[in-house]
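Q: okay, here's the prediction I keep looking at, along with the sequence it came from:
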Amino acid sequence: MFENLSDKLESVFKKLRGHGKLNEANIEEGLKEVRMALLEADVHYRVVKSFVEEVRTRALGQEVMASLTPGQQVVKIVNEKLTELMGSRHEALNLAGPPPAAVMLVGLQGSGKTTTAGKLAAQLRKAGRRPFLVPADVYRPAAIEQLKTIANQLGVPVFPSTTDQDPVQICLEAKAGAFQQGCDTLILDTAGRLHIDEELMAELGRIKTTLRPSDILLVADAMTGQDAVNIAKSFNDQLDISGVILTKMDGDARGGAALSIKAITGKPIKFIGVGEKLSALEPFHPDRMASSILGMGDVLGLIEKAQEAVDQKQAVELQKKLRKSQFTLDDFRDQLTQVRKMGSLSDILKMIPGMGKIKHLKGLEVDDREFVRIEAIINSMTPRERRQHGIINGSRRRRIAQGSGTRIQDVNSLLKNYAQMLKMLKKFNQGGTRRGMLPF
């Protein structure tokens with residue numbers, strides 16, 4: 001989403017780092033380019049004006065002027081200010097009070113409320129909560145059926161709403177039902193409209209007054225840019241929302257909504273939608289987003305993804321095998337499976353610091369289907385072949401290619417790459433032994 005902004009900011013910082021000393025003239029020139037980059041990214045003009053002024057004040061102070069690395073100091077200041085702009089720290093859901101706590105999702109039609117309700121339920125269940133989904137949009141039968149389908153996919157309870165019921169009554173009965181079933185969190189999927197109107201706001205106001213939700217979250221489409229900011233302001237003015245969930249953050253929008261909403265509404269972005277799967281909802285971390293925009297990657301996010309995907313017991317066993325150079329094709333396939341659980345390889349590469357600055361990797365789209373082909377090839381081998389790849393001769397390669405629906409060249413390529421990897425592991429282990437230590 002922020003690729004254009006990242007490229008332009010990197011160009012500005014490269015020029016600044018090229019100066020041995022910075023003066024007011026080249027700082028002003030750099031800030032002018034920063035201003036244009038933010039405006040082109042669809043950041044609200046008032047936010048841009050305030051941001052640039054704050055950076056200018058610090059950049060012209062002793063912090064930068066007296067520094068031995070003034071260009072790096074400017075990057076540091078911009079990073080800190082971007083983080084502040086988006087809220088400084090992650091704001092968690094407010095689930096305080098006696099159960100079941102109610103989380104009320106509001107927003108315009110088409111913003112992705114119903115799918116987000118399911119994603120939020122998946123997040124809460126992973127955190128040890130017991131969610132209860134409530135379809136309260138009685139004007140769209142499809143929305144009720146969609147949420148029931150999602151609930152079945154997740155295996156979480158859902159209130160059996162019908163279109164002839166009053167939304168407020170649905171929420172009240174759902175609260176009683178959740179209590180009886182031992183659920184501790186209500187997720188209310190309320191009605192939307194194509195635009196904000198008094199009737200919609202009145203209904204949402206009645207639900208808020210009656211249910212007293214612990215969190216009111218606006219679900220907004222990041223692809224709509226400044227419209228998302230204006231919508232957030234309108235909902236906040238009338239409902240006093242407690243936070244925002246930005247959907248479609250994996251799209252090609254310019255990113256202005258993410259950089260403007262907190263400054264304009266005073267309310268934090270709590271989650272971002274990064275895909276269509278029910279697992280594709282992530283907590284929003286302003287510091288990580290700022291680092292990502294400036295090409296510094298997101299190491300903490302990468303670690304969290306790895307911790308979720310990696311089986312610790314398998315990791316320990318693998319470590320022992322690597323030490324003894326006993327890494328089989330079975331182990332190789334298992335590692336690929338765990339990497340795939342972390343998500344798209346292209347997205348993982350973007351989280352590694354410095355990857356965005358490597359020219360031939362910019363715009364690179366890694367074909368994740370290659371993982372599927374490799375797994376198919378390995379699965380077409382016999383257990384003995386996976387343990388002893390050296391026995392795989394020409395006739396075996398033809399059989400494996402036919403069984404996996406691939407070419408003999410694909411099988412040859414996999415075996416060649418695997419053999420090279422084994423050589424590297426052997427050298428690495430020998431080098432660690434010579435040094436009196438193992439590399440793990």
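A: Cool, got the structure. Numbers count the residues shown, from 1 in each chain.

Q: which parts of the longest helix seen in the chain are buried?
A: Secondary structure of the chain per DSSP state H: the longest helix is helix 408-434. For helix 408-434, the neighbour count (16 or more other C-beta atoms under 10 Å) marks Asp410, Val411, Leu414, Leu415, Tyr418, Leu422, Leu425, Asn429 as buried. For the C-beta atoms, the positions are set from N, CA and C on the backbone; glycine is no exception.

Q: likewise for stretch 144-153?
A: By 16+ other C-beta under 10 Å, the buried positions in stretch 144-153 come out as Ile144, Gln146, Leu147, Lys148, Ile150, Ala151.

Q: where does the third one sit, in terms of helix or strand?
A: Read it as Leu147. For Leu147, the host element (DSSP states H and E) is helix 141-154.

Q: which residues does that helix contact?
A: 114-115, 117-118, 121-122, 125, 133, 135, 137-138, 157-158, 160-163, 189, 278 (C-beta atoms under 8 Å, 6 or more residues apart in numbering).

Q: repeat that with 7 Å
A: 114, 117-118, 121-122, 133, 135, 137, 157-158, 161, 163, 189, 278 (C-beta atoms under 7 Å, 6 or more residues apart in numbering).

Q: do stretch 401-418 as well
A: Leu329, Phe332, Arg373, Ile374, Ala376, Ile377, Ser380, His389, Ile392, Arg397, Arg398, Ile400.

Q: repeat that for 10 Å
A: Stretch 401-418 has contacts (C-beta atoms under 10 Å, 6 or more residues apart in numbering) with 327-329, 332, 370, 372-381, 389-390, 392, 394, 396-400.

Q: just the CA coordinates for it, please, in CSV.
A: Output of stretch 401-418 as CSV, limited to C-alpha atoms (Å, rounded to 0.1, in the frame of the first residue of the first chain):
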residue,chain,number,x,y,z
ALA,A,401,7.2,-36.3,-12.4
GLN,A,402,4.2,-38.2,-13.6
GLY,A,403,2.8,-38.7,-10.1
SER,A,404,3.1,-35.0,-9.2
GLY,A,405,1.9,-33.6,-12.5
THR,A,406,5.2,-31.8,-13.1
ARG,A,407,8.2,-32.1,-15.5
ILE,A,408,11.3,-34.2,-15.1
GLN,A,409,13.2,-30.8,-15.2
ASP,A,410,11.2,-29.7,-12.1
VAL,A,411,12.2,-32.9,-10.2
ASN,A,412,15.9,-32.5,-11.3
SER,A,413,15.9,-28.8,-10.2
LEU,A,414,14.4,-29.7,-6.7
LEU,A,415,17.0,-32.5,-6.2
LYS,A,416,19.9,-30.3,-7.3
ASN,A,417,18.8,-27.5,-5.0
TYR,A,418,18.3,-29.9,-2.1
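
Q: pLDDT on that stretch, on average?
A: Throughout stretch 401-418, pLDDT has a mean value of 91.

Q: where does pLDDT dip in this structure?
A: For the chain, the stretches with pLDDT under 70 are 1, 18-20, 62-71, 251-254, 295-326, 340-368, 427-440.

Q: quick check: domain ranges of it?
A: Domain assignment for the chain by automatic domain parsing gives 3-85, 101-296, 302-434.

Q: out of the ones you listed, which one sits most buried?
A: Mean neighbours per residue, mean count of other C-beta atoms under 10 Å, is largest over these for domain 101-296, with a mean of 20.

Q: next one: that one to chain centre, how far?
A: 17 Å (C-alpha atoms, centre = their mean, to the nearest Å).
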